[in-house]
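1. The following comprises the amino acid sequence and a computationally predicted model.
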Amino acid sequence: MKEEVVAQISDWLECLEGERKYQQELFKSLLNEQPIAKRVEDGFSWFPLNVVDSGFAMGGIPYAVLEFVSKKKREDHFQSGMPVRFFGAKDGNIENECRAVVHWKHKNQMKVFFQLRDLPDWLTEGGLGLDVLHDERTFQQMRSVMEGLISGKNSPQTNKILNVFYGSQLPELRRQRGEVYHNDALNTSQCQAIENCLRAEDVACIHGPPGTGKTTTLKYLIKELVNSGEQVLVAAPSNAAVDWITLLLQEIKINVVRVGHLSRIDPEIVDCSLEARVFSQDEAQQIKKVRIQAEDTRRQAERYKRNFGPEERKLRRELFREARELNRWASDIENRLVEKVLDDAEVICATLSGSDGSVLKGRKYKTCIIDEAAQALQGACWLAMVRAERVILAGDPYQLPPTVKNPDLLDSPMSKTLLDLAIAHFPDMLSLLDLQYRMNTSIMDFSNQWFYGSRLNAHNSVAEQLLESDTDLAEAVEFIDTAGCGFEEQQHEHTLSYFNKDEYLIMREHLDPLLHANFIHSPTVGILSPYAAQVRYIRDEMEEEGDLPFDLQVKTIDSFQGQEKDVIYLSLVRSNSSQKIGFLKDYRRMNVAMTRAKKKLVIIGDSATLATDSFYSALLDYIEKNGTYRSAWEFMG
């Protein structure tokens, strides 16, 4: 193993430990030092809760659907698949608690699966709540796989891949294949990307900027690999990304198995889940019967109390032994069916952490594809990559990076992804998808120039698309300048997130003609801000107005990646005399925000605060030349 490889991985592991300790202390202080009301305010708890429904899901997993008893919408940190603490409290003191996993969250309801054999016996006692938990398992997984990489016990192919990312070795290409890949459903750059991946011996990368059809390209690449006889592992950092590509593969009749806990899988593709595939087998009915028999036997044994004689004690032992043997028998049948379903699968889809799960232990693949690789920590990618001879990474390093919460590690090796390393080491070997199908050219071009070297083109179907209405709303890009208006930012006293009430008022005035215009097809609208406090404020204000005439979402930029709307309003919030712009400095976040718009982008901000920064200065210059530059005074009648 080369010293430079060992040194880089060791540095990364040191950062991982720093991030783990930071998150551990953060959650410890949240749960132990802050009262429930404060945790609720900050979005780390739901309390109080009502039980809407409860029961047992597939596999006998106990669940409950819980309703947050609050009319006020709040931005929170709960997500599908997240570990949580379910608790019962009286007078502010927690009296009962257990672990659970979030299945889904919709508005003020959440479904959780309990990590218990039965429903909590205190489920009906009231005073119920949920807390976000620190998940230690992923850190343990990443440490284990990265330490394994520097142990010197890797396969020769894994060592080649290691040297590509951490050493000086370039990816190897096979000799030219017989016929160059072509598909009438794809454009030239998409076909070339697939060809490059098929020729790759060890590593290939697809750079997919916004709207360029990255996932569509992966779909056809996977189809080609499957047609050649390969079983493919497809992984991604988020459940949403895994579910989306699973759905696309299902639609083209590929035998795809989605591995993961049922609580983390979208209901739309639950038929592709490993559990569903296993329990659709004829033998699965026998598993259910045996498990019911085992449970009945266990309950018979538990009827005996402590004050019984030798005969009863012997019978109790025999019943417990019989229950264990029945469960073991059921598990043997289930394990055999699991292996059969996985062996027959053409594609196995899982999250990066799920690819390291016990059910996939020992499995090897010719090709591993990682989607959204630019949002994945290096250690998470290696959980899947160590199982494959060839690795294909797909993503965009100029959109949001992986989440690193420790501020001391934002510029450390921890924040560098494998896709970042690929761009640094072999930029000419990345396959760029250069034709986008989402944005008007005016919306695309600033990001195109700043991030992508002006290499992107807008497809003819979208290049000149604009809103069609009976009012003057057609301009594709606008900036509304609040400089000189006295619209000072404010900071939330608990969360310390920033908000700007006056920016919302200007945005609302600008939005009003849109709400009252006549459209042939009503546009979809998104209101975005980098700051959770601003999102919360806008939601509260708009909620009081009642129903709006068309689809409108208010979200943080981070929660909106991968989505799009006809119209995007972007509230930048920061307005201060010291010209501090905080994490607006992460230009990748702005790239995500601006490239969500298809037909119209409206940015609201204070040029006096922004203009000293080179990125925002260039953005303001671009809009003056290619869009509409307006003063907030126009909307302050």
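-> Perfect, thanks for sending it. Residues are numbered from 1 along each chain as shown.

2. What residues does K361 make contact with?
-> Residues near K361 by Cβ atoms under 8 Å, 6 or more residues apart in numbering: none. For the C-beta atoms, the positions are set from N, CA and C on the backbone; glycine is no exception.

3. no wait, D271
-> D271 makes no contacts at all, as judged by Cβ under 8 Å, 6+ apart.

4. So it belongs to a helix, correct?
-> Yes. Assessed with DSSP: H, G, I helix; E, B strand; the rest coil, D271 lies in a helix.

5. per-residue confidence for it?
-> For D271, the pLDDT comes out at 92.

6. same question, G55
-> Model confidence at G55 (pLDDT) stands at 86.

7. Now for F487, how many residues are close by?
-> By the criterion of other Cβ atoms under 10 Å, F487 has 21 neighbours.

8. Double-check it against D606; I have them as touching.
-> Yes. Counting by Cβ atoms under 8 Å, D606 is a contact partner of F487 at 6.7 Å.

9. Can you pull the residues that touch both of these two?
-> S575.

10. Who are the packing partners of the helix or strand hosting N591?
-> Using DSSP states H and E, N591 falls within helix 587-594. With contacts taken as 3 or more Cβ pairs under 8 Å, 6 or more residues apart in numbering; DSSP states H and E, helix 587-594 sits against helix 441-451, strand 565-571, helix 614-626.

11. where do the helices sit along the stretch 401-550 of the chain?
-> Counting by DSSP state H, counting those that start in this stretch, residue ranges of the helices within the stretch 401-550 of the chain are 418-425, 441-451, 501-516, 532-543.

12. Pipe these into CSV and attach mean neighbour count per row.
-> Shown next, in CSV, are these (neighbours: other Cβ atoms under 10 Å):
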stretch, mean neighbour count
helix 418-425, 19
helix 441-451, 21
helix 501-516, 18
helix 532-543, 20
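
13. a markdown table please, covering the ones you listed and showing distance to V278 and mean pLDDT.
-> Converted to a markdown table, the helices of the stretch 401-550 of the chain look like this (distance: least, Cβ to Cβ, whole Å; pLDDT from 0 to 100):
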| stretch | distance to V278 | mean pLDDT |
| --- | --- | --- |
| helix 418-425 | 33 | 95 |
| helix 441-451 | 45 | 97 |
| helix 501-516 | 50 | 90 |
| helix 532-543 | 40 | 89 |
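
14. number of nearby residues for E544?
-> For E544, the count of nearby residues is 7 (other Cβ under 10 Å).

15. of the helices and strands packed on helix 587-594, which approaches F87 most closely?
-> Nearest to F87, of all these, is strand 565-571, at 35.6 Å by Cβ to Cβ.

16. May I ask which helix or strand of the chain has the lowest mean pLDDT?
-> Within the chain, no helix or strand scores below helix 284-302, which has a mean of 68 by mean pLDDT, DSSP states H and E.

17. Moving C-terminal from it, which element do we reach first?
-> helix 310-344.

18. Run through the neighbouring helices and strands of that following helix.
-> By 3+ Cβ pairs under 8 Å, 6+ apart, helix 310-344 packs against helix 274-279, helix 284-302.

19. by contact count, what packs against the following helix or strand past that helix?
-> Sequence-wise, the next helix or strand downstream of helix 310-344 (DSSP H and E) is strand 347-351. Applying 3+ Cβ pairs under 8 Å, 6+ apart, one finds that strand 347-351 makes contact with strand 232-236, helix 239-251, strand 256-258.

20. Identify the residues contacting the most centrally placed residue in the chain.
-> In the chain, the centroid-proximal residue (Cα atoms, centre = their mean) is S238; its distance is 3.7 Å. The neighbourhood of S238, defined by Cβ under 8 Å, 6+ apart, consists of 351, 372, 375.

21. pretty sure F27 contacts R85?
-> No. Applying Cβ under 8 Å as the test, F27 and R85 come out as separate, 9.9 Å apart.

22. Quick check: nearest residue in space to F479, chain neighbours excluded?
-> Leaving aside its chain neighbours, F479 sits nearest to I623 (4.5 Å; criterion: Cβ to Cβ, 6 or more residues apart in numbering).

23. swap in S189?
-> Distances taken as Cβ to Cβ, 6+ apart put D434 closest to S189, at 4.7 Å, once the chain neighbours are dropped.

24. coming back round to it: the residue nearest to F479 touches A476, doesn't it?
-> No. Between I623 and A476 there is no contact under Cβ under 8 Å: 10.3 Å.

25. So those two - more neighbours on which side?
-> For I623 versus A476, neighbours defined as other Cβ under 10 Å are more numerous around A476 (24 against 20).

26. Distance of the more buried one relative to T441?
-> As judged by Cβ to Cβ, to the nearest Å, A476 and T441 stand 8 Å apart.

27. With H134 instead?
-> Distance of H134 to T441, given as Cβ to Cβ: 45 Å.

28. Look up the closest residue to H459, ignoring the ones flanking it.
-> Leaving aside its sequence neighbours, H459 sits nearest to Y437 (Cβ to Cβ, 6+ apart; 4.9 Å).

29. Can you check which residues contact both of F27 and R85?
-> Counting by Cβ under 8 Å, 6+ apart, the contacts common to F27 and R85 are L133.

30. possible to save the helices of the stretch 401-550 of the chain as JSON lines with distance to L13?
-> Shown next, in JSON lines, are those (distance: least, Cβ to Cβ, whole Å):
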{"stretch": "helix 418-425", "distance to L13": "15"}
{"stretch": "helix 441-451", "distance to L13": "30"}
{"stretch": "helix 501-516", "distance to L13": "43"}
{"stretch": "helix 532-543", "distance to L13": "31"}
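
31. for these, which one sits closest to L584?
-> Checking the helices of the stretch 401-550 of the chain against L584 by Cβ to Cβ gives helix 532-543 as the closest, at 12.1 Å.

32. Just the residues contacting that closest one, thanks.
-> The contact list for helix 532-543 (Cβ under 8 Å, 6+ apart) reads 43, 72-75, 491-492, 495, 497-501, 503-504, 507-508, 527-529, 548, 552, 554-556, 571, 573.

33. angle of the next helix or strand after that helix against helix 532-543?
-> Downstream of helix 532-543, the next assigned helix or strand under DSSP H and E is strand 552-556. Taking axes from the mean of the first three to the mean of the last three Cα atoms, to 10 degrees, one finds strand 552-556 and helix 532-543 inclined to each other by 160 degrees.
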